[in-house]
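S.K.: compute the structure for the input listed below.
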Amino acid sequence: MILQQLPIADPDTINQVADSLRNASQQFVTILKDDPQTAMNMLLQDALQFGIKVLAALAIYIVGIWLIKKVKKMLSRSFERKHTDKTIASFTNSLVSVCLTVLVIVLAVGTLGINTTSLAALLAAGGMAIGMALSGTLQNFAGGIMLLIFKPFKAGDFIEAQGYSGTVNEVNIVSTKLTTTDNKVIVIPNGALSAGTINNFSQRDLRRVDFSLPMSHQSDVDEVIGTLERYILGSADSRLLKEGDLPEAKNPAIVLNKIDINSLEIVVKIWVRSEDYWDVFYEYNRNFCTLLSSAGFEFAANRVDISNKS
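M.R.: The predicted structure is shown next:
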């Protein structure tokens, strides 16, 4: 199907080119028979003209490549001064390099006397064929551009997307690599990533840690909350933030969140720095369990009454 869509040369054009070559060959052979010296002079003159064109094309190519390197260095310095994201800088440099290289090649080929209009048509047809064959890759390419423009995350952020969570290790044009907490590398296509929901845990400096403590119905709620308040407020742990420590920080909150047939759910809410989230979460889960158990409070447990009440 792709081959059928490529442009086919007009038969009349092919015949005209063939006739021109045939006539030129016949004229040269005739001149060579009648006047070999003149024929050799013409051949040398044509060879000299073609050689000059080849040298000019090489000069254009060499100077063009040199200028492209200079432009790339200037862009790199500009990105460094402006502290531009490395992924955006790399993508822009690559795009500029490819475009300028194609331009230099077209100019060099044109200097040789080759019709660049036909070359441009061939490149366009080839690009269309490649684009159809790599439609999925182009979708990921477009998704990568969207991620680079809107920047919902950057390298080093901890995110959750497409059913996976981990630290962003690398963002390139077609995919994003995550390193999970158990040190696995997950590669997510940018097309799906840009079109889905992204939960960025690292974008803000502060996060709130929520602890859910299911207590038995026989527990004294006020005593439980008072015990937790005295423990938290009396703690010297600088990771537990209070109002005034940082602009967005709030005081710890301990509330009765829910009452159901299984438990009285006490929720503790503490603000911490984003980098301290997991350490505080695991450490204080254990601390609260030890504290409440030592104070004689009973955690909720589902029980089935199988006693015969008849």
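S.K.: what about Glu80, how many residues close to it?
M.R.: 11 (other C-beta atoms under 10 Å). For every residue, glycine as well, the C-beta is placed using N, CA and C.
S.K.: cool, and Lys269?
M.R.: Applying other C-beta under 10 Å, I find that Lys269 has 15 neighbouring residues.
S.K.: and it, how far from Gln139?
M.R.: 41 Å (C-beta to C-beta, to the nearest Å).
S.K.: could you pull out the strands for the stretch 151-300 of the chain?
M.R.: Secondary structure of the stretch 151-300 of the chain (DSSP state E, counting those that start in this stretch): strands at 158-161, 164-171, 175-179, 185-189, 198-200, 206-215, 253-259, 264-273.
S.K.: and the fifth one, what's buried?
M.R.: For strand 198-200, the buried set under the neighbour-count rule, 16 or more other C-beta atoms under 10 Å, comprises Ile198.
S.K.: distance between the ends of stretch 213-230?
M.R.: The first and final residues of stretch 213-230 sit 16 Å from each other (C-alpha to C-alpha, to the nearest Å).
S.K.: I'd like the average pLDDT over it.
M.R.: Averaged over stretch 213-230, pLDDT sits at 94.
S.K.: next: stretch 258-268.
M.R.: Mean predicted confidence for stretch 258-268 is 92.
S.K.: and it, how far apart are its ends?
M.R.: By C-alpha to C-alpha, the extent of stretch 258-268 from end to end equals 13 Å.
S.K.: backbone dihedrals for Leu55, please?
M.R.: In terms of degrees, to the nearest 10, the main-chain angles of Leu55 are phi -60, psi -40.
S.K.: that one and Gly64, how far apart?
M.R.: For Leu55, the distance to Gly64 - C-beta to C-beta - is 15 Å.
S.K.: equivalent analysis for Ser294, please.
M.R.: Taking C-beta to C-beta, one finds Ser294 at 78 Å from Gly64.
S.K.: more neighbours, the two?
M.R.: With neighbours defined as other C-beta under 10 Å, Ser294 and Gly64 compare such that Gly64 has more, 17 against 9.
S.K.: for the more buried one, which residues are in contact?
M.R.: For Gly64, the contacting residues are Leu100, Thr101, Leu103, Val104, Leu107, Ala108, by C-beta atoms under 8 Å, 6 or more residues apart in numbering.
S.K.: hmm, try it at 6 Å
M.R.: Counting by C-beta atoms under 6 Å, 6 or more residues apart in numbering, Gly64 makes contact with Val104.
S.K.: so how far is Val224 from it?
M.R.: 76 Å.
S.K.: before we move on, what about Ser202?
M.R.: From Ser202 to Val224 the distance is 33 Å (C-beta to C-beta).
S.K.: cool, and Ala108?
M.R.: Ala108 is 81 Å from Val224, by C-beta to C-beta.
S.K.: kindly report the same for Thr167.
M.R.: For Thr167 relative to Val224 (C-beta to C-beta), the value is 36 Å.
S.K.: and those two? Which one has more around it.
M.R.: Val224 (19 against 16).
S.K.: where along the stretch 1-150 of the chain do the helices fall?
M.R.: 2-5, 11-34, 36-81, 86-111, 116-133, 135-150 (DSSP state H, counting those that start in this stretch).
S.K.: which one of the ones you listed has the lowest average pLDDT?
M.R.: Lowest mean pLDDT within the helices of the stretch 1-150 of the chain: helix 2-5, a mean of 40.
S.K.: quick check: domain ranges of the protein?
M.R.: Listed domain ranges for the chain are 22-111, 143-200, 206-294 (source: automatic domain parsing).
S.K.: quick one: end-to-end distance for the shortest one.
M.R.: I take that to be domain 143-200. End-to-end for domain 143-200, by C-alpha to C-alpha: 17 Å.
S.K.: run the chain-centre distance for it.
M.R.: What separates the centre of domain 143-200 from the centre of its chain is 7 Å, taken as C-alpha atoms, centre = their mean, to the nearest Å.
S.K.: skip the chain neighbours and tell me the closest residue to Ala192.
M.R.: Closest residue to Ala192 apart from its sequence neighbours, by C-beta to C-beta, 6 or more residues apart in numbering: Gln162 at 5.9 Å.
S.K.: now for the one you found, how many residues are close by?
M.R.: Other residues close to Gln162 by other C-beta under 10 Å number 17.
S.K.: what's the spacing between the closest residue to Ser78 other than its chain neighbours and Lys184?
M.R.: Leaving aside its sequence neighbours, Ser78 sits nearest to Thr84 (C-beta to C-beta, 6+ apart; 8.0 Å). Distance from Thr84 to Lys184, counting by C-beta to C-beta: 30 Å.
S.K.: those two: which is more packed in?
M.R.: Legend: neighbour count by other C-beta under 10 Å for Thr84 and Lys184, higher for Thr84 (15 against 10).
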